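Enquirer: Got a sequence here, can you build the structure:
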Amino acid sequence: MLRRTKIVATLGPATDGKNVLHGMIEAGLDVARINFSHGDAAAARRRAAKLRAAATKCGRDVGLMGDLQGPKIRIRRFKEHSVELLDGDSFFLDSTLGAADGTQKGVGVALDTLHEDVVSGDVLLLNDGMIVLEVDRVEGTRIHTNVATGGILSDHKGINKKGGGLSAAALTDIDRQNIKLAAELEMDFLAVSFVRSEADVLEARRLFEAAGGRGLIVAKVERAEAVENIDSIINAADVIMVARGDLGVELGYAQLTGIQKKLIRKTRKGSKIVITATQMMESMIQHPIPTRAEVSDVANAVMDGTDAVMLSGETAVGKYPVHAIRAMGEVCTGAEKFQLPEGRTRHRLGDYFENVDEAIAMAVMYAANHLKVRAIIALTESGSTTRWMSRIRSDIPIYAFTPYPATSRRVALYRGVYPVAFAIQDTRQHRLYIDIFKTLLSNNLVEVDDLVIFTKGDLLGVSGSTNSMTILKVTEEK
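Expert: Model prediction:
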């Protein structure tokens with residue numbers, strides 16, 4: 001059985017070794033992520049080039065995602081690089097304190113307006129929630145707090161406000177530079193960190209397109225405000241990433257699983273793509289097999305319908321990047337066997353469709369799920385028809401036949417969709433069918449006499465023109 005759920009994995013020092021990328025692709029990598037929070041432009045260019053070369057060598061279409069750093073709000077540095085805070089201690093945060101002047105009494109912060117965003121009684125969470133500070137009072141730029149939960153606090157740790165509400169803009173000057181770099185490298189996906197509203201998504205898209213970028217925009221949901229504005233964010237973005245790290249800190253871990261399920265459900269209903277990310281197999285940074293809890297975490301995301309699951313430190317800095325991808329693939333395939341099919345064709349049955357190709361996609365999946373069909377073949381320019389098809393739960397593979405490598409890399413993220421390189425040589429219907437059957441048979445995707453559903457547009461070569469579906473029996477030209 002083909003694995004329907006896709007795997008996104010982060011590139012880093014652990015993937016730079018000889019043949020590591022080749023091994024990751026062979027193990028099942030679908031989309032590679034370059035995190036602009038780490039490394040410089042030269043490293044990004046080098047890793048992008050190596051990824052593309054390895055994919056070509058393996059004969060695979062692997063997407064490339066650039067992930068913007070965003071306004072990660074951090075403390076500055078301590079004179080001794082770290083302090084130990086005890087429960088009940090007084091501790092201040094001050095944006096005007098020197099960059100390396102932190103002491104046991106307080107430390108500088110990298111957000112000039114932090115004092116305007118908090119009031120007495122607010123809770124600030126440092127180092128991914130390991131340190132908890134309760135705001136006592138604000139005097140000028142200085143925020144006086146009491147330590148509710150202490151511990152070791154070291155340089156450059158992140159700050160979150162419980163419940164959200166920090167005013168930092170989603171795009172920084174560094175992000176704007178990296179948007180241009182992502183366009184230069186022809187990245188297939190651009191991930192925008194700490195999105196608050198649809199305006200952040202639209203601004204990133206405008207800048208990316210102005211720089212010549214043609215990839216899809218990924219909105220990372222990691223702020224409380226993003227959850228509140230999720231409907232408009234889904235509408236503005238192409239892909240939603242459930243980034244559970246900062247999201248769990250701001251909203252509390254007890255709510256995180258429910259919010260994750262809600263975001264997956266809403267994104268699929270909105271006919272967009274969804275990635276589930278953060279600490280999915282964290283133990284594999286150090287160990288060659290995942291924990292049972294991690295297996296359940298990945299499996300639950302798969303059974304909820306996520307398009308993709310993502311590895312971060314597991315592949316970027318871990319000891320076992322190839323093992324991690326292989327293990328995640330095995331868990332995904334295992335979970336898909338137990339996915340309940342009930343209601344899979346009720347998706348949007350009460351809706352009116354705005355586009356003909358969207359209506360065709362829904363009709364195809366309804367027919368496929370009620371007929372013994374071996375495969376769905378879509379001639380596609382942009383991949384949008386296959387995206388709509390992939391919103392319907394089905395175990396029938398959807399093959400995106402396209403002559404465009406960029407489209408192939410894009411659909412590599414879509415659940416249950418597999419790119420196939422195909423250029424139309426003869427537009428006569430009979431010859432077109434024969435060429436499609438030859439491609440399917442030569443790749444061992446179907447067998448003679450299998451039923452397949454085929455979609456195309458009358459205006460071949462025009463994006464968004466799919467307007468027909470045909471049920472065909474595979475034949476072999478004599």
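
Enquirer: how close does residue 96 sit to residue 165?
Expert: 21 Å (CB to CB, to the nearest Å). The C-beta positions use only the backbone N, C-alpha and C, and glycine is treated the same way.

Enquirer: what about those two, which has more around it?
Expert: Between residue 96 and residue 165, counted using other CB atoms under 10 Å, the more crowded position is residue 165 (15 against 11).

Enquirer: does the more buried one really touch residue 117, like I thought?
Expert: Yes. In this structure, residue 165 is within contact of residue 117 by CB atoms under 8 Å, at 6.0 Å.

Enquirer: mind giving me the domain split of the chain?
Expert: What automatic domain parsing lists as the domains of the chain is 6-70+169-336, 82-161, 356-473.

Enquirer: Might you list the low-confidence residue ranges for this protein?
Expert: 1, 339-351, 458-465, 478 (pLDDT under 70).

Enquirer: make it 50
Expert: Residues of the chain meeting the criterion pLDDT under 50: 342-344.

Enquirer: Please name the nearest non-neighbouring residue to residue 318.
Expert: Distances taken as CB to CB, 6 or more residues apart in numbering place residue 285 nearest to residue 318, at 4.0 Å, with adjacent residues excluded.

Enquirer: contacting residues around that neighbour?
Expert: 313-314, 317-319 (CB atoms under 8 Å, 6 or more residues apart in numbering).

Enquirer: which residues of the stretch 201-350 of the chain fall in strands?
Expert: For the stretch 201-350 of the chain, applying DSSP state E, counting those that start in this stretch gives strands covering 216-221, 239-243, 273-277, 308-311.

Enquirer: Paired strands for the last one, with orientation please.
Expert: Put plainly, it is strand 308-311. Strand 308-311 has the following sheet partners, assigned by DSSP bridges: strand 6-10 (parallel), strand 273-277 (parallel).

Enquirer: now do the first one
Expert: Strand 216-221 sits in its sheet next to strand 189-192 (parallel), strand 239-243 (parallel), going by DSSP bridges.

Enquirer: isn't there a strand covering residue 125?
Expert: Yes. The assignment for residue 125 is a strand, going by DSSP: H, G, I helix; E, B strand; the rest coil.

Enquirer: Tell me the bridge partners for it.
Expert: Beta-bridge partners, per DSSP bridges, of residue 125: residue 132, residue 160.

Enquirer: how deep is it tucked in, by neighbour count?
Expert: 21.

Enquirer: That one and residue 425, how far apart?
Expert: Residue 125 sits at a distance of 60 Å from residue 425 (criterion: CB to CB).

Enquirer: and if you look at residue 268?
Expert: 36 Å.

Enquirer: Show me which of the two is the more surrounded one.
Expert: residue 268 (23 against 8).

Enquirer: can I assume residue 138 is in contact with residue 144?
Expert: Yes. Counting by CB under 8 Å, residue 138 touches residue 144, with 7.3 Å between them.

Enquirer: More neighbours: which of those two?
Expert: More crowded of residue 138 and residue 144, by other CB under 10 Å: residue 138, with 20 against 17.

Enquirer: and the more buried one, what does it touch?
Expert: Applying CB under 8 Å, 6+ apart to residue 138 gives the contacts 115, 118-120, 144.
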